[in-house]
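>>> got a structure for you, letters missing:
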Ligand code: BJ8
């Protein structure tokens, strides 16, 4: 008999009725989107299991860890340094909401012209349907885009505890110094929260665990360069999404297993789509669970997605942290160096993102790029123009899609994506 998680959910403070409604939509959506795909790698069964238990077993693990004295840190951004959280025996979980929920309630607190990601986060908090939010001992809000920065001023009243982290907007010496100061302040805050002392040895362990997780994602990304593609873009995205929830060591081992399987597939030239299927790189705003709208449209239109230039993707996992020396300060410096490489569109200028998109498109042998922008996301929507111009100049057909989490524009997006796939075939 399936475990009854309702007492645990109730204790966490979830609104059980609203939560049932959410699960009632998520389960069928997952089945429809993922289980209908042909030739999925066997290793994806682990991720199907994780998703089936994403509000169950994983939350139970977090609750048990909390009882054992560990602290859960919730985050909305890939800038929150997991190395430091792990070094202080904490657990980092991703909180971004990839679906609309209680939008009308959220719009009582926020302007309507706000990106779906922020509105979704508010909706999930207001409706009390996210067990990760409720299980978090502290939530880190980062001052990235104006939308997030200002909305945290309101969000702090919706959650038990919000810690705000300032982030630079330029990759200058001053920007580096700011990030260093903020990571030190964050470490001191976590020391108080956990009652533990940050040591070089613990930081080294944290760095090793996160590097292992990132390295296995680099291995997976390389395998996706094969033609025929050994794994669908939907499954590739799902692995990137689970990255933010799962236990790091277990996640690393599960992705390594998939990689072994994909290597064998590549060896026998087997894939999820025939050789020569149009290959697409998706670039832009992060796609949090359960935002599978665009990839599902693209792959049903007969193309295959070979990579994600996104924070739920290679922007979030690129570059390892150097194990740079014996002291805590040297290690913190190395962590800062690694995070400063993230080419989020909040940075100005942000040339390195353009270079990264191009290098990903080349190494993954993409035939074209779809730039994905969430409506009202100024940083990515503004960068979309220069990205398109540069990619087209380099001979890479580019399609710009601006959308939200609603289903109203699915037909229109499908028509544009189908025409784009035809262009790539031509
Ligand atoms: S490092 S991309 S995770 S900030 S979609 S809320 S940018 S208006 S998500 Fe992000 Fe960190 Fe950057 Fe990555 Fe604002 Fe745009 Fe909304 Fe966004």
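That came through, no problem. Predicted model, so just to flag it, every value in this text is computed and none were measured.

>>> tell me who's in contact with the residue nearest in space to the middle of the chain.
Nearest to the geometric centre of the chain sits residue 312, at 2.7 Å (Cα atoms, centre = their mean). Contacts for residue 312 (Cβ atoms under 8 Å, 6 or more residues apart in numbering) come out as 96, 237, 240-241, 243-244, 286-288. For the C-beta atoms, the positions are set from N, CA and C on the backbone; glycine is no exception.

>>> what about residue 365, which SS state?
Of the three states, residue 365 takes coil under DSSP: H, G, I helix; E, B strand; the rest coil.

>>> what does the stretch 201-350 of the chain put close to the ligand?
285-286, 311, 342, 344, 346 (Cβ under 6 Å from any ligand atom).

>>> could you rerun that using 8 Å?
Contact residues, the stretch 201-350 of the chain versus the ligand (Cβ under 8 Å from any ligand atom): 285-286, 310-311, 315-316, 342, 344-346.

>>> go through those and name the one nearest residue 324.
Residue 324 lies nearest to residue 342 out of those, by Cβ to Cβ, at 18.1 Å.

>>> wait, which of the contacts of residue 312 is closest to the ligand?
residue 286 (5.1 Å; Cβ to the nearest ligand atom).

>>> do I have it right that the closest one meets residue 96?
Yes - if you go by Cβ atoms under 8 Å, residue 286 and residue 96 touch, sitting 6.4 Å apart.

>>> neighbour-wise, which of the two wins?
Neighbour count, other Cβ atoms under 10 Å: between residue 286 and residue 96, residue 286 has more, with 26 against 23.

>>> and that one, what element?
Per DSSP states H and E, residue 286 falls between elements, in no helix or strand.

>>> ok, now residue 307?
strand 304-309.

>>> burial count for residue 355?
Count around residue 355 with other Cβ under 10 Å applied: 12.

>>> number the chain from 88, please
Right, with 88 as the first residue, what we last looked at is residue 442.

>>> how far away is it from residue 305?
17 Å (Cβ to Cβ, to the nearest Å).

>>> shared neighbours, residue 373 and residue 183?
Shared contacts of residue 373 and residue 183, counting by Cβ under 8 Å, 6+ apart, come down to 204, 399.

>>> check the residue nearest to the centre of the chain and give its pLDDT.
Here, the pLDDT recorded for residue 399 equals 98.

>>> quick one, phi psi at it?
phi -100, psi 70 (degrees, to the nearest 10).

>>> how about the contacts of residue 399, which pair is most distant?
Longest span within those, Cβ to Cβ: 183 and 324, 13.4 Å.

>>> for this structure, what spans make up the strands?
Using DSSP state E, the strands of the chain run over 159-162, 178-181, 225-230, 249-253, 366-371, 391-396, 455-461, 485-490.

>>> make CSV from those strands and add mean pLDDT and mean neighbour count to it.
Output for the strands of the chain, formatted as CSV (pLDDT from 0 to 100; neighbours: other Cβ atoms under 10 Å):
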stretch, mean pLDDT, mean neighbour count
strand 159-162, 98, 24
strand 178-181, 98, 22
strand 225-230, 98, 22
strand 249-253, 98, 17
strand 366-371, 98, 28
strand 391-396, 98, 27
strand 455-461, 98, 24
strand 485-490, 98, 19
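
>>> any chance of those in a markdown table, with distance to residue 189 too?
As requested, these are exported to a markdown table (distance: least, Cβ to Cβ, whole Å):
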| stretch | distance to residue 189 |
| --- | --- |
| strand 159-162 | 18 |
| strand 178-181 | 20 |
| strand 225-230 | 18 |
| strand 249-253 | 19 |
| strand 366-371 | 25 |
| strand 391-396 | 28 |
| strand 455-461 | 18 |
| strand 485-490 | 20 |
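
>>> list the buried residues for stretch 183-193?
The neighbour-count check on stretch 183-193 (16 or more other Cβ atoms under 10 Å) flags 183-190, 193 as buried.

>>> same question, stretch 239-247
Result for stretch 239-247 [16+ other Cβ under 10 Å]: buried residues 239, 242, 245-246.

>>> can you redo these as TSV with pLDDT?
Below are these laid out as TSV (pLDDT from 0 to 100):
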residue	pLDDT
239	98
242	98
245	97
246	97
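
>>> could I get those residues in TSV, plus columns for distance to residue 130?
Shown next, in TSV, are the buried residues of stretch 239-247 (distance: Cβ to Cβ, whole Å):
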residue	distance to residue 130
239	38
242	37
245	38
246	35
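
>>> which of those fall within helices?
Per DSSP state H, helices hold the following members of these: 239, 242.

>>> the strand holding residue 394: how far from the chain's middle?
14 Å (Cα atoms, centre = their mean, to the nearest Å).

>>> mind listing residues that contact it?
308, 311-312, 316, 319-321, 323-324, 327, 359-360, 364-371, 374, 382, 385-386, 400-402, 440, 443-444, 447, 451-453.

>>> what's the ChimeraX syntax to select whichever of those are buried?
A single ChimeraX command selects the buried members of the contacts of strand 391-396 (16+ other Cβ under 10 Å):
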select :308,311,312,316,319,320,321,323,324,327,359,360,364,365,366,367,368,369,370,371,374,382,385,386,400,401,402,440,443,444,447,451,453
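
>>> and stretch 325-345, end to end?
13 Å (Cα to Cα, to the nearest Å).

>>> buried residues, that stretch. List them.
325-335, 338-339, 341-343, 345.

>>> check the spacing between residue 92 and the ligand real quick.
For residue 92, the distance to the ligand equals 29 Å [Cβ to the nearest ligand atom, to the nearest Å].

>>> tally up the residues packed near that residue, please.
Neighbour tally, residue 92, other Cβ under 10 Å: 19.

>>> show the pLDDT at the nearest residue to it once chain neighbours are set aside.
Residue nearest to residue 92 in three dimensions, not counting chain neighbours: residue 143, with 4.8 Å by Cβ to Cβ, 6 or more residues apart in numbering. Residue 143 carries a pLDDT value of 97.

>>> cool, residue 88 as well?
50.

>>> cool, residue 207 as well?
97.

>>> report the contact partners of it.
Here residue 207 is in contact with 183-188, 193, 375, 492 (Cβ under 8 Å, 6+ apart).

>>> got the residues of the stretch 88-237 of the chain near the ligand?
By Cβ under 8 Å from any ligand atom, the residues of the stretch 88-237 of the chain that approach the ligand are 163-166, 183, 201-205, 229, 231-235.

>>> can you select the buried ones from these in PyMOL?
Selecting only the buried entries of these in PyMOL, with 16+ other Cβ under 10 Å as the criterion:
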select buried, resi 163+164+165+166+183+201+202+203+204+205+229+231+232+234+235
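
>>> of the residues of the stretch 88-237 of the chain next to the ligand, which belong to helices?
Those of these mapping onto helices are 203-205, 233-235, per DSSP H.
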